[in-house]
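>>> any chance you can model this:
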Amino acid sequence: MQKITFLALILFAQTLFGQNPEWDAARIRHEMEKLNTVGNVLYLAAHPDDENTRLITWLANEKKVRAAYLSLTRGDGGQNLIGDEKGPLMGLVRTQELMEARNNDGGEQFFTRALDFGYSKTAEETFEKWNRDSILADVVYTIRQFKPDVIVTRFPPNGYAGHGHHTASAMLADEAFEAAADPTQFSASAEKFGAWQVKRLFFNASSWWDKDIAERADEYVTVNVGKYNPLLGKEYTVIAAESRSQHRSQGFGDARDRGESIEYLELRKGDEVKSNSMFEDIDLSWDRVKGSRQVQKMLDKALESYDPQNPDASIPALTDIYFAIKELRDFHQKEYKLNQCKELIAACGGFWFEFLAEKDKVAANTEVPVKFEAISQLNSQLKLKEIKVGEKSWTVNEELGNEVTALTDTLKVTDQKTVPYWLWSDPEHNMFPIPVPEWRNMPETPAVFQADFIIETEKGDIPFSRDIRYKWVSRKDGELYKPFHIIPQVTVTPDEKTVLFGSMEPKEVTVKVKTYNAPQEKVIVKPQLPEGWIAKPEYIEKRDVGKGQTFFATFTLFPTENQGNIEMNFLVNGEKAHDIKEIDYRHIENQLVTPKASINLVRADIKTVGDRIGYIMGSGDEVPTALEQMGYSVDILDPERLTLDVLNDYSSVVLGVRVYNTTPAIIDLHGTLNKYVKQGGNLVVQYNKSYGLISEEIGPFDLKIGRSRVTVEEAPVAFLNREHELFKSPNKITENDFDGWVQERGLYFPEEWSDDYEALIGWNDPGEDMKKGALLAAEYGKGRFVYTGISFFRELPAGVPGAFRLFANIVSYAPQAVNGQNQKNDE
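Residues are numbered from 1 along each chain as shown. Below you'll find the predicted structure:
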């Protein structure tokens, strides 16, 4: 085996075992049984939440094989039920939700470089945006590295998959099954890991596609995943539900079903199955590893003698097993099995190793105080010989007992990035860049520092690796951890992500400039403007800025007459400036990113009517900020405390995205909202998903939400009534206003509606019938009601000028707007 291959496998294995196991005696027994199993299964689909957690749970815990999920994308194009993250930040949230799901079900996680560019209706469209060979190369790379005995796809390679990405994932699995075994295809990964012949490829069929599948069960390999595991104290379906419920951003909380649950596997490629076993003729024991007969005997004996009342009595046997595995010739699971064995030793001895940073983030090219702690809570009396971090080491030579052994020091911090590696630079051609080749399919950036706690035994030293972390105590939640990060010495955070220039009038923009643990002799902040734009002053300079200080820099920007949107970046001391943003949800690990410091400047002549808008937030969006940029005063309204008198203070009230999916109070508000409209108000409802509706009563007249959407952002627009006020007042809307849109036109359009509504826009994806439910308007009493599935929640933050103009007309659609009252014209 080549050296580069071995190093890649070590890096890959170490990323799986960077924290302390917290296993009770039953879980230790379970993990010992997993150590005694040698086999891999790869589950393959397109997005986070596509994976079948029931099957992964059963594979990892009943069959005890290594079960990994390869998701082609990180879900960047998905919607967000819990916040306003979109694009790559949505992908980051969903990546972490997958990591939490795998922590629950016992699986592992891989990705390709593919960017989720949004909903795609066909595989052909998908491959127009993805480089098919590049993504196929990533799948082949993962197969050759992970070496699965079996691959299972979630979707079939045809239109029944329902999403172009889904179909593409199955097609790529079919191709990769053959290509991975051929050393002449994608030769770089073949040289690195060797070619690999997968034994079988299955499609995980389901009643989702075939309602009568149970009647033809004999045509499939069937698996009952509804089994109870006494060592884990749960049924696999319960564990699977807990795993799937981590996908909170997608609204996939799952019930903990119990009892028989059948999965159906359709053989697509590979060896015929004569029995009802996906592992027929596949040896899952140590017998498949050359020279491992003694290891098998030792493991059998360790399992037989394991005493749950005295797990530390198993340490000598596990230590012997560790060194026996270490002496074996290299095989593809060697590093993984060594790490499994080490974590069992740690669990049996009550070992707790910590490598802690004094701060959660420090500036590049400075220092960070660190602390190492070690304890054997079962008083193992094994000696901690030394601690190593890279080339640096500390001699300890202390026997570990039930008292903490601690050591402190300081480490030099480089300028190495610790934020998610795929976000280090912008994606190109719908693919993320990979800055380090060995990280190609890894779910996360490896920790910048990893400590090896070297335990001395009679047979040799055993290193226990732990990633650097930051620990603190919250009065509310107790002891908490987060990753350690290296950040720029100075960050620049704009007050606004998007600034709208509705006329030639100048506007002020302000940025917050912050230093960290490195004082600065001077800080010069300068906006980078396109030709024709002017900033006054050109730059702002501050001298002798101490560490941990903040100041604000305000610039007045003078726009050009040319309409459109452009990105304005900032420089700090002549270098590209970076913002800093933390993503903090309770169900995932805290995340930190340092995107480039930029403001989206939008130049578009816009007229508005009215002054105050009430906004009822749904799942979360940035539309209120866009309304404020138009000049409106926006009040976020509490749906639990809304009355008709409150609503009547506003000429227009806007409901945020997915209000009818997320806000229970909307049920009781239905009558109040209708009265508001009837008395002369203008109510605007943005898109909602057709499934998971809290209430189907939307608006004053019958309206049924469907699943149709238009995914081609350049799809031509048809004005179904060009003379309607929404296209004339206060801004004249033309085809040009639909240029430069992002990701899609809209989604979840109504499929049925009362004749009281007028459909105003039609469009369609290539080869499909026209969709007419994107923008519906109706008069009710003295007021107006608008339902729109247009993706304003994407277009407005992206700075699309025409989206601003059209949305200004929609919120100006109160009766007084038609009469030309209270019109603001900045031209």
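
>>> only C-alpha atoms for contact and neighbour calcs from this point on.
Fine.

>>> contacting residues around V499?
I599, N600, L601, V602, Q629 (Cα atoms under 8 Å, 6 or more residues apart in numbering).

>>> how many residues are close by the last one?
Using other Cα atoms under 10 Å as the criterion, Q629 is surrounded by 18 other residues.

>>> try the one 5 residues further on
A count of neighbours around V634, defined by other Cα under 10 Å, yields 19.

>>> re earlier: who wins on neighbours among the contacts of V499?
Of the contacts of V499, with other Cα under 10 Å as the count, V602 tops at 24 neighbours.

>>> pretty sure that residue sits against N565.
Yes: using Cα atoms under 8 Å, V602 is in contact with N565, at 4.3 Å.

>>> okay, and the common contacts of these two?
G799, V800, P801.

>>> isn't the first one right next to L601, touching?
Yes: contact between G799 and L601 holds when scored by Cα under 8 Å: they sit 7.2 Å apart.

>>> are there residues contacting both of these two? Which ones?
Common contact partners of G799 and L601 (Cα under 8 Å, 6+ apart): T498, L500, N565.

>>> between these, which is closest to G164?
N565 (30.4 Å; Cα to Cα).

>>> would you list every one of the helices in the stretch 1-150 of the chain?
Along the stretch 1-150 of the chain, the stretches classed as helices by DSSP state H, counting those that start in this stretch are 3-14, 25-35, 53-61, 88-105, 123-129, 132-146.

>>> could I get those helices as CSV with mean neighbour count and distance to V657?
Shown next, in CSV, are these (neighbours: other Cα atoms under 10 Å; distance: least, Cα to Cα, whole Å):
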stretch, mean neighbour count, distance to V657
helix 3-14, 16, 40
helix 25-35, 20, 43
helix 53-61, 25, 29
helix 88-105, 23, 16
helix 123-129, 16, 26
helix 132-146, 22, 33
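
>>> in CSV: the contacts of V499, plus pLDDT, secondary structure and distance to V572.
Formatted as CSV, those follow (pLDDT from 0 to 100; DSSP: H, G, I helix; E, B strand; the rest coil; distance: Cα to Cα, whole Å):
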residue, pLDDT, secondary structure, distance to V572
I599, 97, strand, 15
N600, 96, strand, 18
L601, 97, strand, 20
V602, 97, strand, 23
Q629, 95, helix, 26
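
>>> picking up where we left off before, now, among the shared contacts of V602 and N565, which is nearest to L400?
G799 (59.6 Å).

>>> contact partners for that closest one?
Neighbours of G799 in contact, by Cα under 8 Å, 6+ apart: T498, L500, N565, N600, L601, V602.

>>> which residues does the closest residue to D50 other than its chain neighbours contact?
Spatial nearest neighbour of D50, chain neighbours left out: R154 (7.1 Å); criterion: Cα to Cα, 6 or more residues apart in numbering. Residues near R154 by Cα under 8 Å, 6+ apart: Y43, L44, A45, D50, E51, N52, A170, F203, N204, A205.

>>> check Q520 too.
Per Cα under 8 Å, 6+ apart, neighbours of Q520: R543, D544, V545, G546, K547.

>>> show the buried residues in these.
V545, G546, K547 (16 or more other Cα atoms under 10 Å).

>>> in CSV, list these along with distance to V712 and secondary structure.
Below are the buried ones among the contacts of Q520 laid out as CSV (distance: Cα to Cα, whole Å; DSSP: H, G, I helix; E, B strand; the rest coil):
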residue, distance to V712, secondary structure
V545, 49, strand
G546, 50, coil
K547, 48, coil
